[in-house]
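Peer 1: Sequence and predicted structure, then a few things I'm wondering about:
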Amino acid sequence: MGLDAFAAVCCAIPVLLSLLVVRVAYVLCRSGLPPSKPHAAELRCLIVLGSGGHTAEMMNILTELQKDRFTPRYYVAALTDNMSLQKAQVYEKSLIQVEGDREKIIEDAKFMQIYRSREVGQSYITSIGTTVLAVLHAMWLIIRIRPQVIFCNGPGTCIPLCASAFILKVLGLGWSSIFYIEGIARVKKLSLSSLLLYKLRLADQFFVQWPQLQQKYPRAQCAGRLM
């Protein structure tokens with residue numbers, strides 16, 4: 001009986017691996033294409049913020065979004081990055097003054113934090129544990145939010161979030177359209193975060209702001225300067 005069970009497992013593993021490869025290929029082929037079913041009137045939106053100029057650029061991008069379309073909006077920043085969430089809160093409060101519907105706008109905006117994979121100056125050995133923690137936390141957030149759209153533009157915190165969203169696609173547990181916008185400071189080469197998303201094909205739409213960068217990375221689209 002034990003040998004029979006072992007043989008069954010040995011036969012099942014190649015089948016499961018084959019199904020996994022087929023599913024990954026399907027997700028990669030479907031990425032970037034219009035949805036087969038029309039989206040609902042409102043789309044749950046995950047917005048990844050980052051320290052430095054990342055948040056300033058993202059805030060500038062958000063001003064062009066249809067607020068009644070991309071709602072509710074979930075803002076996520078690193079656990080040690082309080083400044084970015086403060087900027088997002090100020091932005092959402094400004095919408096109250098413009099649009100007037102205070103209760104709805106407050107309900108439509110959520111603010112969250114996520115563990116960093118690696119802090120500046122942290123050793124690579126200790127970063128192994130923090131990376132595992134960050135990935136698990138990212139997976140929990142993606143499962144909890146189930147975003148239909150993800151916007152990110154460069155901070156390292158976007159990698160575990162986008163990877164978690166991709167895993168859910170492969171498992172058939174949800175579909176998130178990932179839009180990545182490379183920062184304006186990247187003129188000749190991609191940042192490490194964007195390079196990972198580009199090479200692994202995790203992003204459905206990949207935008208750069210300089211034509212010479214688009215020529216170097218042909219699957220990217222040139223959006224022009226957004227700042």
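Peer 2: Looks like it came in fine.
Peer 1: Quick check on the nearest residue to C158 once chain neighbours are set aside: phi, psi?
Peer 2: Sequence neighbours aside, C152 is the residue nearest to C158 in space, at 3.7 Å (criterion: C-beta to C-beta, 6 or more residues apart in numbering). Using the backbone N, CA and C atoms, a C-beta is placed for each residue, glycine as well. The phi and psi values for C152, taken as degrees, to the nearest 10, are phi -150, psi 160.
Peer 1: Now the residue nearest the centre of the chain: closest residue in space, sequence neighbours ignored.
Peer 2: By C-alpha atoms, centre = their mean, the chain has its centre lying nearest to C162, at 3.9 Å. Excluding the flanking residues, the one nearest C162 by C-beta to C-beta, 6+ apart is L202, at 4.8 Å.
Peer 1: returning to what we had before: tell me the SS of the residue nearest to the centre of the chain?
Peer 2: At C162 the chain is in helix, as set by DSSP: H, G, I helix; E, B strand; the rest coil.
Peer 1: That one contacts D204, correct?
Peer 2: No. If you go by C-beta atoms under 8 Å, C162 and D204 don't touch, sitting 10.0 Å apart.
Peer 1: Quickly list what's touching both of these two.
Peer 2: Common neighbours of C162 and D204 are listed as I178 (criterion: C-beta atoms under 8 Å, 6 or more residues apart in numbering).
Peer 1: got the contact list for the residue nearest to the centre of the chain?
Peer 2: So C162 contacts I150, C152, I178, Y180, L197, L202, A203 (C-beta under 8 Å, 6+ apart).
Peer 1: Look up phi and psi at the fourth one.
Peer 2: According to degrees, to the nearest 10, the main-chain angles of Y180 amount to phi -110, psi 130.
Peer 1: isn't it right up against V149?
Peer 2: No. Shown here, Y180 and V149 do not form a contact pair, counting by C-beta under 8 Å, at 11.9 Å.
Peer 1: Could you check which of those two is surrounded by more residues?
Peer 2: Per other C-beta atoms under 10 Å, whichever of Y180 and V149 has more neighbours is Y180, with 24 against 19.
Peer 1: In space, what's closest to the more buried one - neighbours in sequence excluded?
Peer 2: A203 (4.1 Å).
Peer 1: now this structure, which segments are flagged as low pLDDT?
Peer 2: For the chain, the stretches with pLDDT under 70 are 1-9, 32-40, 97-107, 118-124, 126, 227.
Peer 1: Do a quick rundown of the strands in it.
Peer 2: Remark: strands assigned in the chain by DSSP state E are 45-48, 73-78, 109-114, 149-152, 177-181, 205-208, 221-222.
Peer 1: how far does the top helix by length along the chain sit from the chain's center?
Peer 2: Secondary structure assigned by DSSP state H gives helix 2-30 as the longest helix of the chain. Mean C-alpha position of helix 2-30 versus that of the full chain (C-alpha atoms, centre = their mean, to the nearest Å) differs by 28 Å.
Peer 1: what comes up buried for stretch 168-176?
Peer 2: L168, K169, W175, S176 (16 or more other C-beta atoms under 10 Å).
Peer 1: Sort out for me which of those residues are in helices.
Peer 2: With helices defined by DSSP H, the entries of these inside them are L168, K169.
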